[in-house]
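Visitor: Any chance you can model this:
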Amino acid sequence: MGNKVKSIGLIGLGMVAGVAASFQFSAIAQKVTGAPLPLEELRQLSDVFGLIKTDYVETVDDKKLLTEAISGMVSSLDPHSVYLDKKAFREMRETVAGKFVGIGVEVGMEDGYIKVVSPIEDTPAFKAGIKAGDLITRIDGTLIKGMSLDESVKKMRGEPHSRVSVTISRKDEDKPLVFNITREEIRVQSVKAKIIEPGYAWVRISQFQEPTVDDMAKKITALYQQDPHIKGLVLDLRNDPGGVVPGAIGVSAAFLPKDAVIVSTNGQLASSKETFYGRQEFYAPRSRNDPLAKLPAALKEVPMVVLVNAGSASASEIVAGALQDYKRATIIGQQTFGKGSVQTLRQLTADTAVKLTTARYYTPKNRAIQARGITPDLLVDETAEGDGLNGLRVREADLQKHLGNDKDPEVANKRDVLEDEQRMAALSKKWKPVEFGSRDDFQLAQALNHFKGLPVQVSKADAKPANDVGETKPDTPVKTETLLKPDTKAK
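Guide: Model (predicted):
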């Protein structure tokens, strides 16, 4: 059994037992779980399986039945526990590793079509001549208007060296442009950085992946080489859906005192009761060299603002919560998503796994973020006119079967999500997505005002603090990602 069900040390990312019972497997399963199995219910499950096989209107594949049973059992637990089939497991590993096979474009939706936000440098799309602002209207000849962003993204992805036809509508071009592109492995750049004006730096993390800490250290080092006298640094975590635990620990550790507590976790297993510190063993355990060792000493003292919004989730909330607890940075923006749970990948076969919620996480001051989120020190809307679509986004507390907040069970009030979706559809025609880091970025402008001691235009909304303290992705839609925790056994 131990060889068949393995815990994967991926960082920071029923029916089986029922059918097994009829194959004399119950004794082994009971030994693994350490608790008596509900044999009567398992027999019923086996009976239903038999009924479907003999009585259903048409033949049903055994593997499909069993896979769907496993999937249903796991997904019934909470919104983030899921069975990963071969394709989903491969995509999960690609996400964690920060690479995928595709054409290499950052995309978003506009008027029912896929808009190219930016081609990634030196990728097939970039070399083919696809430009920012292009609208993708067809993929392999299939019209994509009305298709979801996720479906369109999947059509652009594929196997290495396979070809895909992309039809483009470009401003100032009379006819559609057709590009025949060969897919390649694309490495995602999860960190962007630049000097936004003399003395002020902007570092954006779009997702926490295995390379994130290294990438951030390199980008920040380059910023200080460009301007050794940085007097304010903005860490932009807006729309960052999360990712791996070590990435969040490493990013936090870069700005906090040595060996500071970053986050703690607690769950049913002994291995889930753990405290993580700002040490290399926690953020770069497999690296020979410490990626943070050569960062400028000034980074520990430079004034900081962290930008967050409703799309800042999971690992993003770990970073924002840690920097807020230590009063290391001023948090500006809107209430975060509120995903305070940790998932661990348990590999079942070479190609499949279960992603299971194994713990809740807590900030250094023992605040539970689950279904609550991080409340900014300064509530600032997305634009000068209001919070736009951000204020209508679904948060953790709106999800069905979400875990409660064990520190304050009454913290979450579920909204009418359907009503919000209808309002969002109406507003989407009026509000356009903000280009983070641009001159039109209102929240970034307020961060600069804060540094300079100028008035900050705070939100007009009546927001009640919940805390007890005084972009698009490459070839993929924005969504909340799993917070993957290292398995203790793998350390």
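
Visitor: If we go by neighbour counts, what in the helix or strand that contains R93 is buried?
Guide: R93 belongs to helix 86-97 when assigned by DSSP states H and E. Across helix 86-97, burial judged by 16 or more other Cβ atoms under 10 Å covers F89, M92, R93, E94, T95, V96. Just so you know, the C-beta spots here come from the backbone N, C-alpha and C atoms, and that holds for glycine as well.

Visitor: Would you mind checking which of those is nearest to N239?
Guide: T95 (15.5 Å; Cβ to Cβ).

Visitor: quick one: pLDDT of the closest one?
Guide: In this model, T95 is scored at 77, pLDDT.

Visitor: Any idea which helix or strand in this structure has the lowest mean pLDDT?
Guide: Lowest by mean pLDDT, DSSP states H and E among the helices and strands of the chain is helix 15-21, with a mean of 31.

Visitor: Just give the number of residues close to the residue lying closest to S162 once chain neighbours are set aside.
Guide: Excluding the flanking residues, the one nearest S162 by Cβ to Cβ, 6 or more residues apart in numbering is R183, at 5.2 Å. Neighbour count for R183, taken as other Cβ atoms under 10 Å: 23.

Visitor: same question, V188
Guide: 24.

Visitor: Please report how far it lies from G102.
Guide: 10 Å (Cβ to Cβ, to the nearest Å).

Visitor: go on, V308?
Guide: 28 Å.

Visitor: swap in Q324?
Guide: Distance from Q324 to G102, by Cβ to Cβ: 36 Å.

Visitor: Mind jotting down where the helices sit in the stretch 351-491 of the chain?
Guide: 417-427, 442-452 (DSSP state H, counting those that start in this stretch).

Visitor: rank those by pLDDT, which is bottom?
Guide: Among those, helix 417-427 scores lowest, at a mean of 51.

Visitor: So which elements touch the lengthiest strand in the chain?
Guide: Longest strand in the chain, counting residues (DSSP state E): strand 353-362. Helices and strands touching strand 353-362, as assessed by 3 or more Cβ pairs under 8 Å, 6 or more residues apart in numbering; DSSP states H and E, comprise helix 62-75, strand 82-84, helix 86-97, strand 261-266, strand 341-347.

Visitor: so can I have CSV of these showing distance to K53?
Guide: Formatted as CSV, the helices and strands packed on strand 353-362 follow (distance: least, Cβ to Cβ, whole Å):
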stretch, distance to K53
helix 62-75, 8
strand 82-84, 21
helix 86-97, 24
strand 261-266, 42
strand 341-347, 28
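
Visitor: Among these, which comes closest to N239?
Guide: Among the helices and strands packed on strand 353-362, helix 86-97 sits nearest to N239 (Cβ to Cβ), with 15.5 Å.

Visitor: by how many degrees do the closest one and strand 353-362 diverge?
Guide: 40 degrees (axes from the mean of the first three to the mean of the last three Cα atoms, to 10 degrees).

Visitor: For the lengthiest helix in the chain, output the C-alpha coordinates as CSV.
Guide: In the chain, taking DSSP state H as the definition, the longest helix is helix 39-55. Backbone C-alpha positions of helix 39-55 (Å, rounded to 0.1, in the frame of the first residue of the first chain) are rendered in CSV as follows:
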residue,chain,number,x,y,z
LEU,A,39,-18.9,-1.7,5.8
GLU,A,40,-22.7,-1.4,5.4
GLU,A,41,-22.3,1.8,3.3
LEU,A,42,-19.4,0.3,1.3
ARG,A,43,-21.7,-2.6,0.4
GLN,A,44,-24.4,-0.2,-0.7
LEU,A,45,-21.8,1.6,-2.9
SER,A,46,-20.7,-1.7,-4.4
ASP,A,47,-24.4,-2.6,-5.0
VAL,A,48,-25.0,0.7,-6.8
PHE,A,49,-21.9,0.1,-8.9
GLY,A,50,-23.4,-3.4,-9.9
LEU,A,51,-26.8,-1.9,-10.6
ILE,A,52,-25.3,0.7,-13.0
LYS,A,53,-23.3,-2.0,-14.8
THR,A,54,-26.4,-4.3,-15.2
ASP,A,55,-29.4,-2.0,-15.4
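
Visitor: Can you check what angle separates that helix from helix 62-75?
Guide: Angle of helix 39-55 versus helix 62-75, following the same axes, to 10 degrees, is 140 degrees.

Visitor: Average pLDDT for helix 39-55, rounded please.
Guide: Rounded mean pLDDT across helix 39-55 is 91.

Visitor: Would you verify that T349 is located in a helix?
Guide: No. Per DSSP: H, G, I helix; E, B strand; the rest coil, T349 lies outside any helix segment and is coil.

Visitor: That one and A88, how far apart?
Guide: 13 Å.

Visitor: One more: G158?
Guide: Taken as Cβ to Cβ, the span from G158 to A88 is 16 Å.

Visitor: Please name every helix or strand in contact with the helix holding R93.
Guide: Partner elements for helix 86-97 (3+ Cβ pairs under 8 Å, 6+ apart): strand 99-102, strand 353-362.

Visitor: and if we set it to 6 Å?
Guide: Judged by 3 or more Cβ pairs under 6 Å, 6 or more residues apart in numbering; DSSP states H and E, helix 86-97 is in contact with no other helix or strand.

Visitor: could I have that helix exported to PDB, CA atoms only?
Guide: What follows is helix 86-97, C-alpha atoms only, in PDB (Å, rounded to 0.1, in the frame of the first residue of the first chain):
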ATOM      1  CA  LYS A  86      -3.800  12.500 -15.800                       C
ATOM      2  CA  LYS A  87      -4.400  15.800 -17.600                       C
ATOM      3  CA  ALA A  88      -5.200  17.800 -14.500                       C
ATOM      4  CA  PHE A  89      -2.200  16.400 -12.600                       C
ATOM      5  CA  ARG A  90       0.200  17.300 -15.500                       C
ATOM      6  CA  GLU A  91      -1.300  20.900 -15.600                       C
ATOM      7  CA  MET A  92      -0.800  21.200 -11.800                       C
ATOM      8  CA  ARG A  93       2.800  20.200 -12.000                       C
ATOM      9  CA  GLU A  94       3.300  22.700 -14.900                       C
ATOM     10  CA  THR A  95       1.800  25.500 -12.800                       C
ATOM     11  CA  VAL A  96       3.900  24.700  -9.800                       C
ATOM     12  CA  ALA A  97       7.100  24.500 -11.900                       C
END
